[in-house]
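S.K.: this is a predicted model, with the sequence first.
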Amino acid sequence: MNVDWFDFELPERLIAQTPLHERTASRLLMLNRQTGDVEHGSFRELEDRLMEGDVLVLNNTRVIPARLIGNKPDTGAKVELLLLKQLGDDRWEALVKPAKRLKKGAVMSFGEGADGQPLLKAVVEEEGDMGARTISFSYEGIFQELLDQLGEMPLPPYIKERLEESERYQTVYSLHEGSAAAPTAGLHFTKEMLERIQNKGVKLAYITLHVGLGTFRPMSAERVEDHEMHAEFYQLDDANAALLQEAREQGRRIVAVGTTSARTLETVADICGDGPITACSGWTSIFIFPGYSFKLVDALLTNFHLPKSTLVMLVSALAGRDHIMQAYREAVEREYRFFSFGDAMFIY
């Protein structure tokens, strides 16, 4: 299967640079995955599309201020780190810029204390491909407090505008810190809307998947089957596992909010197999593309994704490539807003 099959023309002006003033004010494209029929409306109409007994699954990860800007003490040259995965013992997997100048053994410093010394020092321990590095930090104090002081919100590279309010790149239900990017389908919800949805009889379930390198790394393979996903940490607790099991037993719809929730649910389904859904955690590198048969996800709320991305392939697996490509053509024609701060699609 060729990656180019998932390409489409996207005018740059449709890439949303800033969030709307009201979270729920975005547009909503509704796609029937069986027929390919498309309807257009507002995000608030999602309340009418959800039914009593549905389980709405939300990823409660929280984005950390993972972008660090500093310098090389020996030359004064500017350097940039994007922290992706905590490896333990003050070691992290990170993306670095400029990658060509940050080889094994390179030293970096960030911030300056009252004594003129760096607040954070970092050394490149190992080199990976496409700018990936294993970094070891040294410091005095508490790392998370230093990161809050020195770090910036790691907005995707296609967003050029400065984000005035960092909480707009967090969901209103974010809880567990660890992501290098937001689960953006959830950015549309307010606490008030979620309360109305619950009052309708829809149950809310929470999973955690910390978004990592896969969000920032483009596909390099020409064949879809040759692509390898980067592993990301996920967790499902007992209470939420019970909600999912009950929904499966009763034949209720499980509605994933975002591709991160969908990937986590399908990972859980693989682990639990024919048995009941139970609490679990670990690392997932599941790659979902056409030909995949979904086991837990019945419907999906998602944003509009990059051409030739693994996320376009995931939604194509759920609704069919032809239906997705046609829906995306309509979205472009009607000038929907794309990507992290853009509009939403409900596939049911």
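M.R.: Alright, I've got the coordinates.
S.K.: tell me which residue is most central in the chain.
M.R.: residue 183 (3.8 Å; C-alpha atoms, centre = their mean).
S.K.: does that residue really touch residue 258, like I thought?
M.R.: Yes. Contact criterion C-beta atoms under 8 Å: residue 183 and residue 258 qualify, at 4.4 Å. To be clear about C-beta, it is placed using only N, CA and C from the backbone, and glycine gets the same treatment.
S.K.: shared neighbours, these two?
M.R.: residue 59 (C-beta atoms under 8 Å, 6 or more residues apart in numbering).
S.K.: report pLDDT for the residue nearest to the centre of the chain.
M.R.: Model confidence at residue 183, given as pLDDT, is 96.
S.K.: quick one, what contacts it?
M.R.: Contacts of residue 183 by C-beta under 8 Å, 6+ apart are 59, 61, 171, 209, 211, 257, 258, 260, 261.
S.K.: just checking, which helix or strand succeeds whichever strand or helix holds the last one along the chain?
M.R.: Okay, so that is residue 261. Assessed by DSSP states H and E, residue 261 sits inside helix 259-272. Downstream of helix 259-272, the first helix or strand assigned by DSSP H and E is strand 280-284.
S.K.: that next one - what's its average pLDDT?
M.R.: Strand 280-284 comes out at a mean pLDDT of 97.
S.K.: what is that strand packed up against?
M.R.: Taking 3 or more C-beta pairs under 8 Å, 6 or more residues apart in numbering; DSSP states H and E as contact, the helices and strands that strand 280-284 lies on are strand 232-236, helix 259-272.
S.K.: got the CA positions of the shortest one in CSV?
M.R.: In this case it means strand 232-236. Backbone C-alpha positions of strand 232-236 (Å, rounded to 0.1, in the frame of the first residue of the first chain) are rendered in CSV as follows:
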residue,chain,number,x,y,z
GLU,A,232,4.1,5.6,23.7
PHE,A,233,3.1,5.0,27.3
TYR,A,234,-0.5,4.2,28.0
GLN,A,235,-2.5,3.3,31.1
LEU,A,236,-6.1,2.1,31.9
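S.K.: and the angle for whichever helix or strand comes after that strand with strand 280-284?
M.R.: Toward the C-terminus, strand 232-236 is succeeded by helix 238-250 as the next helix or strand (DSSP H and E). Here the directions of helix 238-250 and strand 280-284 differ by 90 degrees (axes from the mean of the first three to the mean of the last three C-alpha atoms, to 10 degrees).
S.K.: who are the packing partners of helix 238-250?
M.R.: On a contact count with 3+ C-beta pairs under 8 Å, 6+ apart, helix 238-250 meets strand 55-59, strand 203-209, strand 254-257, helix 259-272.
S.K.: the stretch 101-250 of the chain: strands as residue ranges?
M.R.: 107-110, 120-127, 132-139, 176-179, 203-209, 232-236 (DSSP state E, counting those that start in this stretch).
S.K.: buried sites along the second one?
M.R.: Of the residues in strand 120-127, those with enough neighbours to count as buried (16 or more other C-beta atoms under 10 Å) are 120, 121, 122, 123, 124, 127.
S.K.: could you identify the most distant pair in those?
M.R.: 120 and 127 (20.4 Å; C-beta to C-beta).
S.K.: what's near enough to touch residue 68?
M.R.: 80, 81, 82, 83, 110, 120, 147, 150, 151, 152.
S.K.: part of a helix, is it?
M.R.: No. Counting by DSSP: H, G, I helix; E, B strand; the rest coil, residue 68 is not part of a helix but strand.
S.K.: going forward, the N-terminal residue is numbered 575.
M.R.: Taking 575 as the first residue, the last one we looked at is residue 642.
S.K.: state the distance from it to residue 678.
M.R.: 19 Å (C-beta to C-beta, to the nearest Å).
S.K.: do the same with residue 898
M.R.: 42 Å.
S.K.: pLDDT weak spots in the stretch 775-922 of the chain?
M.R.: 787-791 (pLDDT under 70).
S.K.: check contacts around residue 743.
M.R.: 593, 637, 727, 729, 737, 756, 761, 914 are the contacts of residue 743 under C-beta under 8 Å, 6+ apart.
S.K.: which pair in those residues spans the largest distance?
M.R.: 593 and 637 (13.7 Å).
S.K.: re earlier: inside helices: which ones of the contacts of residue 642?
M.R.: Mapping the contacts of residue 642 onto helices (DSSP state H) picks out 721, 724.
S.K.: what's the nearest residue to residue 604 if we skip its chain neighbours?
M.R.: residue 613 (4.4 Å; C-beta to C-beta, 6 or more residues apart in numbering).
S.K.: remind me which helix or strand that neighbour belongs to.
M.R.: Here residue 613 is assigned to strand 612-616, by DSSP H and E.
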